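**Q** what follows is a protein structure lacking sequence information:
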C-alpha cells in the first residue's frame with residue numbers, strides 16, 4: 001500500500017471516529033446490561049478481560065478510564081475503542097423459589113418473593129434452573145492529549161443483575177402459577193484527567209456519572225384449586241442518578257516493573273419511581289410514588305505488571321468492594337399495609353477479587369492472552385437464593401487473542417468461563433457463565 005493511500009485511510013478513520021464513538025455511546029447507554037448471574041463483572045475491554053482483569057498496573061489502552069485513570073499518561077496521540085459482549089449464564093437454585101406463609105419470611109436477608117395465605121400450599125416451587133442469552137454493547141471510550149494533560153472519556157456498564165423466572169405447580173384440583181422479573185443496571189459516564197508529575201510517576205482522577213435503574217415485577221395466580229383461589233402481584237420501576245470520584249496512581253518502578261492503585265469513592269444513586277401491589281383475597285390495592293437510595297459501594301485495588309521480555313508480560317491485581325455499605329432504603333410517598341418504608345443494612349460483607357494475567361506477543365500483528373480471577377460473594381448464607389444473584393464465589397478462566405487488522409486498528413477477542421457453587425442448609429446453588437467479547441480500537 002502506498003504512503004498516500006495509508007494517509008487517506010488514516011484521515012478517513014479520524015473523520016469517522018467521533019461519529020463511531022457517539023453511536024457506540026448512545027447504544028451503550030440505552031441498551032447496556034451487565035452480566036446476568038452476578039453483580040460485578042470482569043471489567044472493561046476484551047484485552048484486559050482476557051488477562052483475567054489484572055490491569056490496574058498496566059492500563060495502557062483506552063480502557064484506562066475504568067481500570068486506572070493514571071494509565072492515560074501511557075498513551076500518545078488520540079484514539080478510542082468499543083466493546084461488544086455476548087453472555088450465556090446458567091443459574092441454579094436447588095430449592096427453587098419459596099412460597100412461605102405470610103409473616104414468616106426473612107425479607108431482611110432473602111427476598112422470599114411469594115407468600116401463601118391459606119397455609120396448606122407447597123412451600124417451594126419446582127423450577128430450579130434458568131438460562132439466558134445476552135448480546136449487548138458494554139462500553140465505548142476515547143482519549144486525547146491536551147498539553148501536559150491526558151484526557152479520557154467514555155461510557156460503560158460495570159455492574160448489574162437480571163432474572164426472568166416463572167413456574168407452574170399443581171395445587172388441589174388446579175395450579176399455582178408464578179413469575180418474577182427483576183433487573184438492575186448501572187451505567188457510567190466517565191471523564192478523566194491524568195498527568196505525569198515525576199520521573200515515571202503519574203496521577204489521574206475522574207468523575208463517574210452513575211445512571212441507575214431497577215425494574216421489578218412479581219405475580220402469583222392460584223386458579224381452579226377448589227380450596228381458595230386468588231391473585232397477587234407487585235411491580236416497581238425506578239431510575240435516577242448519582243456520582244462518584246475515581247483516583248489512580250501509576251509508578252514505573254523499573255524498566256520491567258510498574259505498579260498502580262485505584263480508588264472509587266462509591267456514591268448514592270437517588271432513584272425515583274412508582275410501585276403497586278394487589279391481593280384479590282382482601283381486595284387490597286395500593287399504589288404510590290417512591291424514592292429509593294441505592295448505595296453504590298466504594299472499591300479499590302492495587303496491581304503489578306512485569307514485562308519479563310519485550311514480548312511477554314505478566315500482571316496481577318487485588319481488588320476489593322466495600323459491600324458492607326450496601327443498604328435497602330425505600331421511602332414511599334403514600335405508605336399502606338404492603339407498601340411500607342424500609343431502611344436497613346442487608347448485612348452483606350466486603351468482598352475480594354484476585355486476578356492474574358499474561359500477554360504474549362509473537363509478532364507485531366498478533367497477541368495471545370490468558371488469565372484467571374476469583375471473586376468472593378458478598379451475600380451471607382441466609383441470603384442465598386435466586387433473588388440474590390451474586391450469591392456464590394466465582395472462579396473465572398479467560399483466553400484471548402488480539403490482531404492488528406491494519407495500521408493502528410486492532411481487534412481483540414476474549415472467551416471467559418465462570419463457575420461457582422455453594423451449599424447452604426443442604427441446598428446446592430450453582431452458576432455457570434460462558435461469555436465472548438469483541439473489542440475494536442483505533443489510535444492516531
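**A** Right, received. Where do you want to start? What you are looking at is a predicted structure, and each value in this text was computed from that prediction instead of being measured.

**Q** please make it C-alpha for all contacts and neighbour counts, starting now.
**A** OK.

**Q** for residue 360, which three-state class applies?
**A** strand (DSSP: H, G, I helix; E, B strand; the rest coil).

**Q** strands along the stretch 301-444 of the chain, start to end?
**A** Counting by DSSP state E, counting those that start in this stretch, the stretch 301-444 of the chain has strands at residues 312-321, 327-332, 342-345, 351-363, 366-375, 394-406, 409-424, 427-443.

**Q** redo the ones you listed as CSV? Include mean neighbour count, distance to residue 119 and mean pLDDT.
**A** Output for these, formatted as CSV (neighbours: other CA atoms under 10 Å; distance: least, CA to CA, whole Å; pLDDT from 0 to 100):
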stretch, mean neighbour count, distance to residue 119, mean pLDDT
strand 312-321, 21, 41, 96
strand 327-332, 18, 29, 92
strand 342-345, 13, 26, 88
strand 351-363, 19, 39, 96
strand 366-375, 22, 40, 96
strand 394-406, 20, 37, 96
strand 409-424, 20, 25, 94
strand 427-443, 21, 23, 92
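
**Q** out of these, flag the one nearest residue 120.
**A** Closest to residue 120 of the strands of the stretch 301-444 of the chain is strand 427-443 (CA to CA; 22.5 Å).

**Q** strands paired with the closest one, and their directions?
**A** Sheet partners assigned to strand 427-443 using DSSP bridges are listed as strand 79-93 (antiparallel), strand 409-424 (antiparallel).

**Q** as TSV, these with distance to residue 44 would be great.
**A** What follows is the strands paired with strand 427-443, written out as TSV (distance: least, CA to CA, whole Å):
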stretch	distance to residue 44
strand 79-93	8
strand 409-424	11
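
**Q** out of these, which is closest to residue 305?
**A** The nearest among the strands paired with strand 427-443, by CA to CA, is strand 409-424 at 19.7 Å.

**Q** relative to strand 366-375, how tilted is the closest one?
**A** Counting by axes from the mean of the first three to the mean of the last three CA atoms, to 10 degrees, strand 409-424 lies at 20 degrees to strand 366-375.

**Q** so how far is strand 409-424 off the chain centroid?
**A** Between the mean C-alpha location of strand 409-424 and the chain-wide mean there is a distance of 13 Å, by CA atoms, centre = their mean, to the nearest Å.

**Q** and what of stretch 320-334?
**A** With CA atoms, centre = their mean, you get 17 Å for stretch 320-334.

**Q** can you pull out the strands in the stretch 51-200 of the chain?
**A** 79-93, 99-101, 114-116, 129-131, 134-146, 149-171, 174-198.

**Q** let me see the confidence value for the closest residue to residue 131 other than its chain neighbours.
**A** Leaving aside its sequence neighbours, residue 131 sits nearest to residue 90 (CA to CA, 6 or more residues apart in numbering; 4.5 Å). Confidence at residue 90, expressed as pLDDT, is 90.

**Q** do you know how far residue 90 is from residue 232?
**A** Distance, residue 90 to residue 232, by CA to CA, to the nearest Å: 28 Å.
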